[in-house]
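Student: make a model of this:
(one chain, ligands or ions: 2)
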Amino acid sequence: MRKIEHIGIAVADLEKSNELFARLLGKEAYKSERVEGEGVETSFFLVGETKVELLQATRPDSPIAKYLEKRNEGIHHIAFDVADIHLEVKRLKDAGFEILNETPKEGADNKLVVFLHPRSTNGVLVELCQEKNL
Ligand SMILES: CC[C@H](C(=O)O)C(=O)SCCNC(=O)CCNC(=O)[C@H](O)C(C)(C)COP(=O)(O)OP(=O)(O)OC[C@H]1O[C@@H](n2cnc3c(N)ncnc32)[C@H](O)[C@@H]1OP(=O)(O)O
Ligand SMILES: [Co+2]
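Tutor: Residues are numbered from 1 along each chain as shown. Ligands and ions are numbered 1, 2, ... in the order given. Predicted structure coming up:
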């Protein structure tokens, strides 16, 4: 794990939360991106070396929709930047963590992503991110 890539925050209304975080951080989101595979619309704010990712569900079966059915808006996951996602998946699997998708999938912001089940990570949904062009 090289650094915290982003903190993912589940929101009900992306436009409203974009305005709130722009006011909070003193800067606008640098991008918005829809990830069909996850049923999410995201926006990203750069904060030093790391990012805040806001996520709104685009369909009822989205993990974000399911999350917000049971919980208030708030921190949904923490994402770590990794150099080699396949190596990290093997390391973490051997270390006893529960990998949700062993084959990396398309993430936002030009990343390949893998998720670990929160029941194996002290109740925190963990995402691994590798830059796609490496
Ligand atoms: C990829 C685009 C973008 C990016 O950065 O590039 C994203 O970040 S997309 C983010 C949205 N996608 C995902 O979250 C994919 C991975 N998530 C999942 O596969 C599910 O959400 C899963 C398996 C974590 C939970 O799904 P499930 O249907 O099992 O939901 P339950 O409500 O039944 O929860 C089971 C159990 O897990 C706990 N839980 C659920 N979500 C979270 C969470 N975000 N953080 C911590 N814990 C979570 C929940 O409380 C249940 O625990 P229990 O003790 O049984 O009550
Ligand atoms: Co994320």
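Student: use CA for all of it now, contacts and neighbours both
Tutor: Noted.
Student: what sits against Pro104?
Tutor: When contacts are counted by Cα atoms under 8 Å, 6 or more residues apart in numbering, Pro104 is found next to Ile85, His86, Leu112, Val113, Val114.
Student: all strands of this structure, in order?
Tutor: If you assign secondary structure with DSSP state E, the strands in the chain sit at 3-10, 31-35, 40-47, 50-57, 74-81, 105-106, 111-116, 126-131.
Student: now those strands in a markdown table, with mean neighbour count, mean pLDDT and distance to ligand 1?
Tutor: Rendered in a markdown table, the data for the strands of the chain read as follows (neighbours: other Cα atoms under 10 Å; pLDDT from 0 to 100; distance: least, Cα to the nearest ligand atom, whole Å):
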| stretch | mean neighbour count | mean pLDDT | distance to ligand 1 |
| --- | --- | --- | --- |
| strand 3-10 | 20 | 98 | 6 |
| strand 31-35 | 16 | 97 | 6 |
| strand 40-47 | 20 | 98 | 7 |
| strand 50-57 | 24 | 98 | 7 |
| strand 74-81 | 19 | 98 | 4 |
| strand 105-106 | 16 | 96 | 6 |
| strand 111-116 | 21 | 98 | 5 |
| strand 126-131 | 23 | 98 | 7 |
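Student: which one of these lies closest to Ala22?
Tutor: Minimum separation from Ala22 across the strands of the chain (Cα to Cα) falls at strand 40-47, 8.2 Å.
Student: and that closest one with strand 3-10, angle?
Tutor: Between the direction of strand 40-47 and that of strand 3-10, the angle (axes from the mean of the first three to the mean of the last three Cα atoms, to 10 degrees) works out to 130 degrees.
Student: contacting residues around strand 40-47?
Tutor: Strand 40-47 is contacted from outside by 14, 18, 25, 27-35, 51-59, 62, 64, 108, using Cα under 8 Å, 6+ apart.
Student: listing partners with orientation, what would you give for it?
Tutor: In the sheet, strand 40-47 lines up against strand 31-35 (antiparallel), strand 50-57 (antiparallel) (DSSP bridges).
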